[in-house]
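Chemist: here's a sequence, model it:
(one chain, ligands or ions: 2)
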Amino acid sequence: MTKVYTIASGKGGTGKTMTTANLGTALALLGKRTIILDADIGMANLGLVLGLEKSKITLHEVLAGKADISQAVYDLPTGLKVVPSGISLQGFQNADPDRLQFVMSKLVTGADFILIDAPAGISKDGVIPLAIADEVLLVVNPELSSLADAVKIKVLTEMVGGAVGGIVLNRASAEKTMLTSQKISQIMGAEVLEVIPEDSSVRRAAAFKTPVVVMYPDSPAAKGYKKLAAKLAGSKAMVTETASAESNKEGFIDRLARSLFGGV
Ligand code: ADP
Ligand code: MG
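Modeler: Numbering: from 1, shown residues only. Ligands and ions are numbered 1, 2, ... in the order given. The predicted model follows:
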């Protein structure tokens with residue numbers, strides 16, 4: 001059975017693309033048949049961080065009805081398969097996000113894991129990946145704006161019939177990590193599956209268009225991604241709680257801030 005995860009966050013720049021690339025690579029290195037797909041069709045950069053930016057046929061052409069998905073799947077030496085998106089605005093304009101569900105139905109055959117790198121925000125191309133995944137993984141940074149946006153995505157995911165499988169707390173500082181991750185779990189009503197520390201190796205590896213799990217496998221961030229991969233590879237269904245009704249109530253952000261930082 002294929003397990004489809006959408007890597008989402010609401011806010012931009014939290015580390016969705018890095019998480020998709022590194023978690024996907026770590027799963028492939030565990031021997032799992034893994035495909036990662038760049039659904040950030042407006043601001044695509046999954047292909048860029050993996051050295052596939054010159055690919056002629058991408059998800060853009062597939063969503064425009066000009067190519068079959070099989071033509072847009074690229075193999076990396078790690079065993080990971082990648083479906084990049086194009087980077088032109090014209091390509092974005094021609095791509096129809098409604099076709100994504102059909103594309104996914106063709107991809108699932110023969111894969112253990114599919115990871116979808118979602119765009120930031122709540123536009124149509126961002127909402128569809130939330131609905132079509134088995135589970136949504138929320139990539140959050142330990143800061144108020146990131147958490148507030150992630151809560152919105154959790155509520156939205158459940159509104160469209162999806163489910164949040166857990167949280168990846170990315171760019172965490174070493175101090176107070178336990179406290180922060182416990183609080184984040186409580187507030188979000190979802191388990192923090194892994195804490196990925198702030199680690200300059202992530203950017204150094206990206207400069208070489210190589211995932212950190214390959215280039216610096218013993219770095220703190222790589223270890224985190226590998227632990228997360230092992231958890232997903234070994235896990236059965238993850239228990240999820242429903243979105244707290246509280247997240248919709250007025251004053252929620254203030255209470256969130258007080259709870260996290262002791263008052264604003
Ligand atoms: P998103 O896809 O959510 O917009 P990216 O994955 O592109 O975010 O990451 C945004 C930036 O943060 C990139 O420059 C990336 O190298 C950096 N980054 C992501 N995770 C980490 C980390 N754990 N430590 C240090 N830098 C990180
Ligand atoms: Mg991204």
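Chemist: mind checking the SS state of Val4?
Modeler: Secondary structure, DSSP: H, G, I helix; E, B strand; the rest coil: Val4 is strand.
Chemist: number of residues surrounding the closest residue to ligand 2 within the stretch 151-264 of the chain?
Modeler: Closest contact between the stretch 151-264 of the chain and ligand 2, by C-beta to the ion, is at Ala206 (11.5 Å). For glycine as for every other residue, the C-beta is placed from the backbone atoms N, C-alpha and C. Other residues lying near Ala206 total 19 when counted by other C-beta atoms under 10 Å.
Chemist: list the contacts for Ala28?
Modeler: Contacts for Ala28 (C-beta atoms under 8 Å, 6 or more residues apart in numbering) come out as 34, 76, 78-80.
Chemist: what subset of those is buried?
Modeler: Among those, those buried by neighbour count (16 or more other C-beta atoms under 10 Å) are 34, 76, 78, 80.
Chemist: narrow the residues you listed to those in strands?
Modeler: Thr34 (DSSP state E).
Chemist: biggest separation within the buried ones among the contacts of Ala28, which pair?
Modeler: Across the buried ones among the contacts of Ala28, the longest distance by C-beta to C-beta is 10.1 Å; it joins Thr34 and Leu76.
Chemist: quick revisit: let's have the buried ones among the contacts of Ala28 in JSON lines, adding pLDDT.
Modeler: Listed next are the buried ones among the contacts of Ala28 as JSON lines, based on pLDDT from 0 to 100:
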{"residue": "Thr34", "pLDDT": "98"}
{"residue": "Leu76", "pLDDT": "97"}
{"residue": "Thr78", "pLDDT": "96"}
{"residue": "Leu80", "pLDDT": "98"}
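Chemist: buried residues, stretch 106-119. List them.
Modeler: 107, 111-119.
Chemist: quick check, nearest of the residues you listed to ligand 1?
Modeler: Each of those was scored against ligand 1 by C-beta to the nearest ligand atom, and Asp117 proved nearest at 6.7 Å.
Chemist: contacts only, for the closest one.
Modeler: Contacts of Asp117 by C-beta under 8 Å, 6+ apart are 7, 16-17, 20, 36-40, 46.
Chemist: can you name the residues of the stretch 1-150 of the chain that neighbour ligand 1?
Modeler: Residues of the stretch 1-150 of the chain found near ligand 1 (C-beta under 6 Å from any ligand atom) are 9, 12-18.
Chemist: can you give me the strands for this structure?
Modeler: 3-8, 34-38, 74-75, 81-83, 113-117, 135-140, 164-172, 192-197.
Chemist: redo these as a markdown table? Include distance to ligand 2.
Modeler: Below are the strands of the chain laid out as a markdown table (distance: least, C-beta to the ion, whole Å):
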| stretch | distance to ligand 2 |
| --- | --- |
| strand 3-8 | 9 |
| strand 34-38 | 8 |
| strand 74-75 | 18 |
| strand 81-83 | 14 |
| strand 113-117 | 6 |
| strand 135-140 | 9 |
| strand 164-172 | 12 |
| strand 192-197 | 15 |
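Chemist: including distance to Asp218, could the ones you listed go into CSV?
Modeler: Listed next are the strands of the chain as CSV, based on distance: least, C-beta to C-beta, whole Å:
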stretch, distance to Asp218
strand 3-8, 24
strand 34-38, 22
strand 74-75, 26
strand 81-83, 24
strand 113-117, 23
strand 135-140, 22
strand 164-172, 18
strand 192-197, 13
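Chemist: those: which one's closest to Asn94?
Modeler: strand 34-38 (15.9 Å).
Chemist: just the buried residues of the closest one, please?
Modeler: So, applying 16+ other C-beta under 10 Å, buried residues of strand 34-38: 34-38.
Chemist: picking that back up, closest one to ligand 2 out of the buried ones among the contacts of Ala28, please.
Modeler: Leu80 (16.9 Å).
Chemist: who are the contact partners of that closest one?
Modeler: 24-25, 27-28, 34-36.
Chemist: can you find the helix or strand of the protein with the lowest average pLDDT?
Modeler: Lowest by mean pLDDT, DSSP states H and E among the helices and strands of the chain is helix 252-261, with a mean of 56.
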